[in-house]
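Novice: could you work out the structure for the sequence below:
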Amino acid sequence: MATLSDWYQRALAAVQPAIPQGTWAGSQPGKLRRPATVPQSDYQTPVTVDIGIYGVAAPVSFSAAGGGQSSAGPAGVGETWQAAQASVSTSLGQLGSASSCTLFVGPLPLPAYQVAANLTGGGTQFPLGGITMTVGDYVWAVWSGGAQGEIGQLKVSGTRTAYVA
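Specialist: Coordinates of the predicted model:
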């Protein structure tokens, strides 16, 4: 009876010729090699692109009290955002949701970082005027007065600058 080890050796022998040198399997069966890494100091060329999908925060389900919060912000080393606008919406829409939303831009959703209050939580856009955000800064959306289980969504648009090697 063939063992699992026998099967593994046959399977590895069958694909071994197809794996080029310098990859994880390399030329030594069963031995893994770490791929080459790029040193952090090589990332010196700034590239500016739209924030795109990075500005779409995770959806939030409202609690029994009818509130929730979501955030989006730069995450890579040396990355900056120029936030142009934020939009908030809920699963019930502008006419179906009784929620209101407050926006903050900063490390935490504290009154000192508030940029807008009493926005219609079901669907509103708010201009941020190109606020510069660095790692640790976020756009926070804090909803209140909604229905339990309602889903809130925050989207931030603008440009992001990241460094490439």
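Novice: out of everything not next to it in sequence, what's closest to the residue most central in space within the chain?
Specialist: Geometric centre of the chain, nearest residue: residue 54, 4.8 Å, by Cα atoms, centre = their mean. Ranked by Cβ to Cβ, 6 or more residues apart in numbering and with sequence neighbours excluded, the top spatial neighbour of residue 54 is residue 160, at 6.3 Å. Where C-beta positions appear, they are placed from N, C-alpha and C, glycine not excepted.
Novice: same deal with residue 76?
Specialist: Per Cβ to Cβ, 6+ apart, closest to residue 76 is residue 162, 5.5 Å.
Novice: which residues are in contact with the one you found?
Specialist: 46-47, 49, 76, 78-79 (Cβ atoms under 8 Å, 6 or more residues apart in numbering).
Novice: if any of those residues are buried, give me the ChimeraX selection for them.
Specialist: Here is the ChimeraX command that picks out the buried ones among the contacts of residue 162, judged by 16 or more other Cβ atoms under 10 Å:
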select :79
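Novice: nearest to residue 95 among the contacts of residue 162?
Specialist: residue 49 (34.9 Å; Cβ to Cβ).
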